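> Provided below are the primary sequence and the corresponding predicted coordinates.
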Amino acid sequence: EAEVAQSPRYKITEKSQAVAFWCDPISGHATLYWYRQILGQGPELLVQFQDESVVDDSQLPKDRFSAERLKGVDSTLKIQPAELGDSAMYLCASSLGVHEQYFGPGTRLTVT
Amino acid sequence: SQQGEEDPQALSIQEGENATMNCSYKTSINNLQWYRQNSGRGLVHLILIRSNEREKHSGRLRVTLDTSKKSSSLLITASRAADTASYFCATDADSWGKLQFGAGTQVVVTP
């Protein structure tokens, strides 16, 4: 069964350092999402791509976060510089149009 | 900001019992979805109910939707230890399929 791949699974970084996460969606899924999930809360959408275009990044802290999906397939989310408050689970999901979303296993980020 | 609010925040039951959790939301929706998340893992889609539907079943899951009250419920019948997880409702209210999640209900099923 096709799955969304994410790497790394765990990342520990010091504040002010740069960190990057990678996501490979299910083949053929045009829509890709990056979420941040703080412990004890539901996921919050950071950015949504339709193919290579951003359709929603209203909740992305653009002073430090960036996301790209250059060829409309895999995607990278970057944080520079990382802050203590960025510690969270970062989840990637993909979907076929406007339907249920398929989530990857997530990247657990700890900023020290 | 999170549109959905789940109730209760936590639920502890024994195997074989039914588990019911509720979700309330604030704006008109296209559909409402329920997801399950095991500890430290990604979310798994359970069921999608459209705004013109009132009830939907999938295996041991039953979902209802009342758009006049802006609320939904998820019932898990004959629960099993493997149902231990957090359950989230998510509303789809725009044309791009953006989901807004609630804070979730943490369900513990003891053998």
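In hand now; what should we look at?

> give me the residues contacting stretch A:104-112.
Contact with stretch A:104-112 is made by A:3-15, A:19, A:21, A:23, A:37, A:79, A:82-93, B:40-42, as judged by C-beta atoms under 8 Å, 6 or more residues apart in numbering or on different chains. Every residue, glycine included, has its C-beta placed from N, CA and C.

> mind checking which of the residues you listed are in strands?
Among the contacts of stretch A:104-112, the members found in strands (DSSP state E) are A:5-7, A:10-13, A:19, A:21, A:23, A:37, A:79, A:88-93.

> which of the residues you listed count as buried?
A:6, A:11, A:13, A:19, A:21, A:23, A:37, A:79, A:88-93 (16 or more other C-beta atoms under 10 Å in any protein chain shown).

> beta partners of the residue nearest the centre of chain A?
Nearest to the mean C-alpha position of chain A, by C-alpha atoms, centre = their mean, lies A:W34 at 3.2 Å. Counting by DSSP bridges, A:W34 is bridged to A:V47, A:C92.

> list the contacts of it.
Contacts of A:W34 by C-beta under 8 Å, 6+ apart are A:C23, A:L45, A:L46, A:V47, A:Q48, A:A67, A:S75, A:L77, A:Y90, A:L91, A:C92.

> let's see that with 10 Å instead.
Residues in contact with A:W34 (C-beta atoms under 10 Å, 6 or more residues apart in numbering or on different chains) are A:21, A:23, A:43, A:45-49, A:57, A:60, A:65, A:67, A:69, A:75-77, A:90-93.

> next one: B:R54
Residues in contact with B:R54, defined by C-beta under 10 Å, 6+ apart, are B:V63, B:T64, B:L65, B:D66, B:T67.

> around chain B, pick out the residues from chain A.
A:3-4, A:6, A:9-10, A:31, A:33, A:35, A:37, A:39-45, A:48, A:50, A:55-56, A:58-59, A:89, A:91-93, A:95-106, A:108 (C-beta under 10 Å from any C-beta of the partner chain).

> at 7 Å instead, please
Contact residues, chain A versus chain B (C-beta under 7 Å from any C-beta of the partner chain): A:31, A:41-43, A:45, A:48, A:55-56, A:91, A:95, A:98, A:100-106.

> what about stretch B:86-104, start to end distance?
End-to-end distance for stretch B:86-104, by C-alpha to C-alpha, to the nearest Å: 6 Å.

> what about it, near chain A?
Yes: using C-beta under 7 Å from any C-beta, stretch B:86-104 reaches chain A at B:F88, B:W96, B:G97, B:K98, B:L99, B:F101, B:G102, B:A103, B:G104.

> quick one: mean pLDDT for that stretch?
Here stretch B:86-104 scores 91 as its mean pLDDT.

> just the buried residues of that stretch, please?
Those would be B:86-94, B:97-104, for stretch B:86-104 by 16+ other C-beta under 10 Å.

> related to what we said a few turns ago, now the buried members of the contacts of A:W34.
Buried among the contacts of A:W34 (16+ other C-beta under 10 Å): A:21, A:23, A:43, A:45-49, A:57, A:60, A:65, A:67, A:69, A:75, A:77, A:90-93.

> in what helix or strand does B:L48 lie?
Per DSSP states H and E, B:L48 falls inside strand B:43-50.

> nothing else from me, thank you.
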